[in-house]
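# give me the fold of what follows.
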Amino acid sequence: MKRIYQSNAVASVLLAVLFITSCKVSKDAALPDTALPQTYRDAPADKASIATLPWKSFFEDSGLQKLIADALEHNNDLQVAIKNLAAADLTLKQAKLGNIPSVGLQAGVSTARPSDNSLNGLTLNEALNTHHIEDYTLAASFSWEADIWGKVSSQKLAALADYLGTAEARKALQTRIVSDISKGYYNLLMLDTQLGIARQNVALNDSTLSLIQLQYTAGLVTSIAVQQANAEKLTAEALIPKFEQQITIQENALSILCGRLPGAISRDVSLRSLAVNESTGTGLPVEILNRRPDVKQAEFEFSQVNAQVGYAKANMYPSLTITAQGGLDAFKASNWFNIPASLFGAVAGGITQPLLEKKQRSTLYKVAKVNRDKAVIQFRQSVLVAYGEVSDALNKLDKLKQEQELANERTDALQQATHNSQALFKNGMATYLEVIIAQGNVLQSELDVASLKKARLDANVDLYRSLGGGWE
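Numbers count the residues shown, from 1 in each chain. Model prediction:
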């Protein structure tokens with residue numbers, strides 16, 4: 001009868017535990033409303049977004065596509081991010097086992113020889129006619145802590161948020177790599193163009209210098225004219241090693257991004273042949289909340305610290321632990337496996353409530369709440385930065401296009417002026433200074449046109465990345 005009563009009591013405790021396991025002492029907080037406008041600054045409403053395009057569709061140049069694919073496969077930082085994701089996945093799987101009880105198996109043999117003058121020694125000698133006692137044990141143990149206040153569930157939520165945040169961090173890194181590779185590639189094409197411009201101007205200056213030297217020989221100009229023409233030629237020549245150096249540095253940087261030793265980068269197109277993508281579909285600003293990996297990462301970081309608040313609060317409440325042990329026990333090896341005489345079992349349940357711990361648990365709870373407030377602020381900041389980057393890229397695309405159109409007109413005018421000045425100089429109707437100034441101006445203008453073309457391509461990449469494109 002007593003055993004039946006004990007069984008009913010244990011069953012009642014288990015039912016009560018199962019009933020209150022779903023209790024949670026901490027309420028989840030929610031992220032604030034971002035209240036984003038319907039459109040970006042100075043931009044029309046546009047439901048279509050270029051961010052939905054995979055990077056292989058956004059970048060049409062085959063050479064750039066190959067370079068990006070190589071980087072995404074071999075970039076070392078991205079490989080580390082993938083390993084971080086694998087580690088977070090293992091942590092999440094471990095957290096999911098939080099409700100499973102701990103089970104162990106123990107086998108042990110012990111022997112003791114009490115003093116003959118002790119009570120244990122006298123009792124042992126009189127009862128068993130021996131001076132030592134042995135104990136043989138083979139037992140299975142069971143331990144389970146009831147998730148009464150949501151402690152285990154909070155750990156699961158924190159691990160899940162950490163895993164999802166790590167996945168978004170990998171996406172954010174990929175978008176950055178795609179952006180860096182494309183910008184580096186465009187910079188390489190710009191340097192190729194500028195190197196070609198410098199070489200053309202060296203040839204042009206060399207022709208002008210030869211003409212001025214002939215006029216100097218004929219006594220039509222002074223030696224100053226020869227010296228200034230030679231200085232202008234040397235200025236153009238000095239640009240060649242400068243651009244060659246920058247080309248090598250850029251090729252090395254791209255090689256390292258691709259996870260290989262520095263080397264040459266193949267390219268089959270020129271900067272002039274590349275067209276700037278005129279499609280600037282931005283979609284609705286609210287879409288960056290789901291498209292931008294860094295914004296999503298900030299959201300999951302908030303979810304993680306929110307779950308940590310729940311865990312810290314639950315850790316301040318009593319914990320209920322149920323333990324059980326059962327197996328075989330005998331003081332003689334010959335009786336060890338004598339069943340059922342050697343069978344034993346024990347069940348215990350305990351409630352532990354921390355009292356005096358120098359406010360350690362309450363302090364951890366308060367710190368967790370502060371961290372949650374920080375996560376809210378960081379989320380707001382990530383949204384502001386994302387919105388600002390899109391607005392900046394849109395403005396750059398608009399203004400750089402205007403600048404390039406004006407620069408093209410200026411270059412055409414200067415090239416015509418250079419041609420005319422040379423013709424007039426040959427006929428003695430223009431001075432050598434006019435020729436030198438015209439050539440110097442056209443050189444700088446052509447270099448500026450190449451820089452502006454590259455800046456427009458970069459701004460297009462910035463818009464694509466800032467909208468959340470590049471990770472698909």
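# domain-wise, how is the protein divided?
Here the domain parsing of the chain from automatic domain parsing is 23-99+149-317+359-466, 105-146+319-352.
# so what's the most centrally placed residue in the chain up against?
With distances taken as CA atoms, centre = their mean, Ala169 lies nearest the centre of the chain, 3.0 Å away. Residues in contact with Ala169 (CB atoms under 8 Å, 6 or more residues apart in numbering) are 81, 84, 293, 297. Using the backbone N, CA and C atoms, a C-beta is placed for each residue, glycine as well.
# average pLDDT across the host helix or strand of it?
Using DSSP states H and E, the element containing Ala169 is helix 151-217. Helix 151-217 shows a mean pLDDT of 87.
# after that helix, next one along is what?
Following helix 151-217 toward the C-terminus (DSSP H and E): helix 223-257.
# can you state the direction angle for that following helix and helix 151-217?
Compare the direction of helix 223-257 with that of helix 151-217 by axes from the mean of the first three to the mean of the last three CA atoms, to 10 degrees and you get 160 degrees.
# list the buried residues of the helix or strand encompassing Trp144.
Using DSSP H and E, Trp144 maps to strand 133-145. Buried positions in strand 133-145, judged by neighbour count with 16 or more other CB atoms under 10 Å: 133, 136-139, 141, 144-145.
# which among those gets closest to Gly98?
Glu145 (9.0 Å; CB to CB).
# that closest one bridge partners, please.
Beta-bridge pairing for Glu145 (DSSP bridges): Thr321.
# likewise for Gly345?
Counting by DSSP bridges, the residues bridging with Gly345 are Gly326.
# unless I'm mixing things up, it is touching Leu328, no?
No. Between Gly345 and Leu328 there is no contact under CB atoms under 8 Å: 10.6 Å.
# so these two - more neighbours on which side?
A side-by-side neighbour count of Gly345 and Leu328, using other CB atoms under 10 Å, places Leu328 first with 19 against 10.
# number of nearby residues for the closest residue to Asn84 other than its chain neighbours?
Nearest non-adjacent residue to Asn84, counting by CB to CB, 6 or more residues apart in numbering: Thr166, 5.4 Å away. Per other CB under 10 Å, the neighbour tally for Thr166 reads 22.
# do the same with Gln38
Residues near Gln38, counting by other CB under 10 Å: 8.
# Glu287 is in contact with that one, correct?
No. Using CB under 8 Å as the test, Gln38 is too far from Glu287 to be in contact (11.6 Å).
# which strand or helix spans Gly440?
Going by DSSP H and E, Gly440 is part of helix 432-466.
# now Lys151: how far from Lys171?
31 Å (CB to CB, to the nearest Å).
# pull the contacting residues for Asn441.
Asn441 makes contacts with 414, 417-418, as judged by CB under 8 Å, 6+ apart.
# can you report phi and psi for the residue nearest to Glu472 when sequence neighbours are not counted?
The shortest distance from Glu472 to any non-neighbouring residue, by CB to CB, 6+ apart, is to Pro54 (4.7 Å). Main-chain torsions, Pro54, degrees, to the nearest 10: phi -60, psi 150.
# all helices for the stretch 301-450 of the chain, in order.
360-426, 432-466 (DSSP state H, counting those that start in this stretch).
# quick check, distance from the shortest one to the centre of its chain.
In this case it means helix 432-466. Centre-to-centre, helix 432-466 and its host chain are 34 Å apart (CA atoms, centre = their mean, to the nearest Å).
# ok so, going back, okay, now the residue nearest to Glu472: neighbour count?
11.
# the one 4 residues further on now?
Neighbourhood size, Phe58 [other CB under 10 Å]: 21.
# Arg456 now?
Arg456 has 21 nearby residues by other CB under 10 Å.
# I'd say it and Gln404 touch.
Yes. Using CB under 8 Å, Arg456 is in contact with Gln404, at 6.3 Å.
# any shared contact partners between those two?
Common neighbours of Arg456 and Gln404 (CB under 8 Å, 6+ apart) do not exist.
# that older thread, what's near enough to touch the residue nearest to Asn84?
Contacts of Thr166 (CB under 8 Å, 6+ apart): 81, 84-85, 88.
# tell me the SS of Gly469?
coil (DSSP: H, G, I helix; E, B strand; the rest coil).
# now do it against Lys183, distance only.
Per CB to CB, Gly469 is found 14 Å from Lys183.
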